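Asker: Sequence and predicted structure below; questions after.
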Amino acid sequence: MSTLPSPSADALAASQALSRHIADQIAAHDGWLPFSRYMELALYTPGLGYYAGGSRKFGAAGDFVTAPELTPLFARTVARQLAELLPHTAGIVYEFGAGTGMLAADLLAALDALGVPPARYCIVDLSPELIERQRQTLAERVPHWLDRVEWLVELPTELDGVVIGNEVLDAMPCELLRWDGAPLQRGVTVRDGAFAWEDRPIVDAALQRLADTVFPPLSGYTSEISLANRGFITLLAERLVRGAILLIDYGFPRAEYYHPQRHMGTLIGHYRHHTVDDPFYLPGLMDLTCHVDFTLIAEAGLDAGLDLIGYTTQAQFLINAGLTAELAALDIDDHATYLPMANAVQKLTNPAEMGELFKVIGFGRNVPIDWIGFTQGDRCHTL
């Protein structure tokens, strides 16, 4: 880890405080926590966790760059899909994990330009620091729409509108399992003053059933199962009376996710634009993420009675929804604007970058099932 950027003294002190808090939690629970609980504490402990502390997460100075920050064309294209759906609902957009607020600001501007401004734009986010940044972004970019934006501390009992989440599922705590004659649940203990792995038998019946279904019987095979992802989709389905759910994230269908060659799983850390294999490195200063099993997402939605509308790559979805038309509408002679936009479009759609790894999945209830984003290249048959 010597090649990684050193944290400031204040950041290091915050990480050490979080480490002590996690160690106390481990001690209070028989010396062991499932990895999902460790991940939850590392990311969401109030004031100290990665998403609940004050560290800068997005952009060149942070740990990663998301699609909405690359170019406003991303939001303008997604807005074309939302504009098709919102009139069939109460006209409310619900965004989960809104990051810097860039997607919200650009969606509001784009939907206004399309003549379909939302009745309300509701943001559900767990990070006080990010909520403040979202307020600032919206106040700077779309101040005239700020009165339609509200921040929710809990999910409404009924949803009537369009739910959107960009890179939300990957940030939810995942269970980590390892095969040793049978699937065992990986957990975290403290050994010689440092966090260490300890595997125990699975006690959760639902986790055991999934593990028995998806895990290759290969010695040492390690991967993730996200009960949190499944629970999230189930909860949305329970609350959605009318509308759509549109989720964009990186991941695979199950056959690819649990391929025997992917024997170390997908769990990874992101620290200041570096990838880190050790999930115990600088808790609170490093993002932890795992890829999405989109078969699990599809099953959860179907089991909860939603219509599975489509599943495809980000590149195909954006092209279907009109990304190239948005790019073509720009002034090609304005090199200062056009060239960065064209480069961003390349990154969004190139199979070697975000185009193939990122997927889009859509669910509906009591709305039309023909969505422009899935008109070509649907991959539901791979789930």
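Answerer: Now that the structure is in, tell me what you want to look at. Numbers count the residues shown, from 1 in each chain.
Asker: Could you use CA atoms for every contact and neighbour count after this?
Answerer: Noted.
Asker: G220 reaches A182, doesn't it?
Answerer: No: under the criterion of CA atoms under 8 Å, G220 makes no contact with A182, lying 10.1 Å away.
Asker: These two: which has the busier surroundings?
Answerer: Under the neighbour definition other CA atoms under 10 Å, G220 and A182 were set side by side, and A182 has more, 17 against 14.
Asker: do you know how far the more buried one is from T213?
Answerer: As defined by CA to CA, to the nearest Å, A182 lies at a distance of 12 Å from T213.
Asker: go on, R230?
Answerer: Per CA to CA, R230 is found 15 Å from T213.
Asker: Please say which of the two ends up with more neighbours.
Answerer: Legend: neighbour count by other CA under 10 Å for R230 and T213, higher for R230 (18 against 9).
Asker: Could you verify that the more buried one is part of a helix?
Answerer: Yes: membership of R230 in a helix is supported by DSSP: H, G, I helix; E, B strand; the rest coil.
Asker: so what's it closest to, chain neighbours aside?
Answerer: The spatially closest residue to R230, leaving aside those adjacent along the chain, is A300, at 5.6 Å (CA to CA, 6 or more residues apart in numbering).
Asker: Tell me the confidence at the one you found?
Answerer: pLDDT, A300: 98.
Asker: List the contacts of it.
Answerer: 230-231, 233-234 (CA atoms under 8 Å, 6 or more residues apart in numbering).
Asker: again, 10 Å this time
Answerer: Neighbour list for A300: 229-235, 237, 294, 306 [criterion: CA atoms under 10 Å, 6 or more residues apart in numbering].
Asker: with the residues you listed in mind, which one is nearest to L126?
Answerer: F232 (14.3 Å; CA to CA).
Asker: Hmm, that closest one is touching P173, no?
Answerer: No: using CA atoms under 10 Å, F232 is not in contact with P173, being 11.4 Å away.
Asker: where do the contact lists of those two overlap?
Answerer: Common contacts of F232 and P173 (CA under 10 Å, 6+ apart): S226.
Asker: Neighbour count: these two, which is higher?
Answerer: Taking other CA under 10 Å, F232 and P173 do not tie; P173 has more neighbours (26 against 17).
Asker: Not counting its neighbours along the chain, what's nearest that one?
Answerer: Closest to P173 by CA to CA, 6+ apart is S36, at 4.9 Å.
Asker: the longest helix in the protein is where?
Answerer: Longest helix in the chain, counting residues (DSSP state H): helix 9-28.
Asker: Check which helices and strands that helix is in contact with.
Answerer: Applying 3 or more CA pairs under 10 Å, 6 or more residues apart in numbering; DSSP states H and E, we find helix 9-28 packed against strand 33-34, helix 35-44, strand 183-191, strand 194-201.
Asker: list the contacts for the residue of the chain most remote from its centre?
Answerer: No residue in the chain sits farther from the centre than D333, which is 36.0 Å out by CA atoms, centre = their mean. Contacts for D333 (CA under 10 Å, 6+ apart) come out as L339.
Asker: Tell me the spacing between it and T77.
Answerer: Using CA to CA, D333 is found at 22 Å from T77.
Asker: cool, N366 as well?
Answerer: As judged by CA to CA, N366 and T77 stand 23 Å apart.
Asker: Who has more neighbours out of those two?
Answerer: Taking N366 and T77 together and counting by other CA under 10 Å, T77 has the greater number of neighbours (24 against 14).
Asker: contacting residues for that one?
Answerer: 107, 110, 317-327, 373.
Asker: Which of the residues you listed ranks first by neighbour count?
Answerer: F317 (30 neighbours).
Asker: sec struct for it, please.
Answerer: State at F317, reduced to three classes by three-state DSSP: helix.
Asker: Enumerate every residue touching it.
Answerer: With contacts defined as CA under 10 Å, 6+ apart, F317 is in contact with 77-78, 81, 248, 310-311, 323, 349, 355, 359-361, 371-378.
Asker: Pull out the buried residues from these.
Answerer: With burial judged by 16 or more other CA atoms under 10 Å, the buried subset of the contacts of F317 is 77-78, 81, 248, 310-311, 323, 349, 355, 359-361, 371-374, 378.
Asker: Now, these that are in strands?
Answerer: Secondary structure defined by DSSP state E assigns 248, 310-311, 359-361 of the buried ones among the contacts of F317 to strands.
Asker: biggest separation within these, which pair?
Answerer: I248 and G310 (12.0 Å).
Asker: Now the common contact residues for the two.
Answerer: Contact criterion CA under 10 Å, 6+ apart; residues shared by I248 and G310: 317, 360-362.
Asker: Between the residues you listed, which sits nearest E154?
Answerer: Nearest to E154 among those is G362, at 22.5 Å by CA to CA.
Asker: Skip the chain neighbours and tell me the closest residue to that closest one.
Answerer: L246 (4.7 Å).
Asker: Report how many residues lie close to that neighbour.
Answerer: Using other CA under 10 Å, L246 has 21 neighbouring residues.
Asker: so which strand or helix has it?
Answerer: Assigned by DSSP states H and E, L246 belongs to strand 240-252.
Asker: got the buried residues for that strand?
Answerer: By neighbour count on 16+ other CA under 10 Å, the buried set for strand 240-252 is 240-252.
Asker: Now do N366 against V162, distance only.
Answerer: 12 Å.
Asker: and for these two, which residues touch both?
Answerer: Common contacts of N366 and V162, defined by CA under 10 Å, 6+ apart, comprise 88-89, 240, 242-244.
Asker: Can you lay out these as TSV showing pLDDT and distance to I202?
Answerer: Listed next are the shared contacts of N366 and V162 as TSV, based on pLDDT from 0 to 100; distance: CA to CA, whole Å:
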residue	pLDDT	distance to I202
H88	98	44
T89	98	42
L240	98	32
R242	98	37
G243	98	37
A244	98	35
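Asker: ok, which pair from these is furthest apart?
Answerer: Going by CA to CA, the pair spanning the shared contacts of N366 and V162 furthest: H88 and L240, at 13.3 Å.
Asker: Need the residues touching each of the two.
Answerer: Common neighbours of H88 and L240 (criterion: CA under 10 Å, 6+ apart): 160-162, 366.
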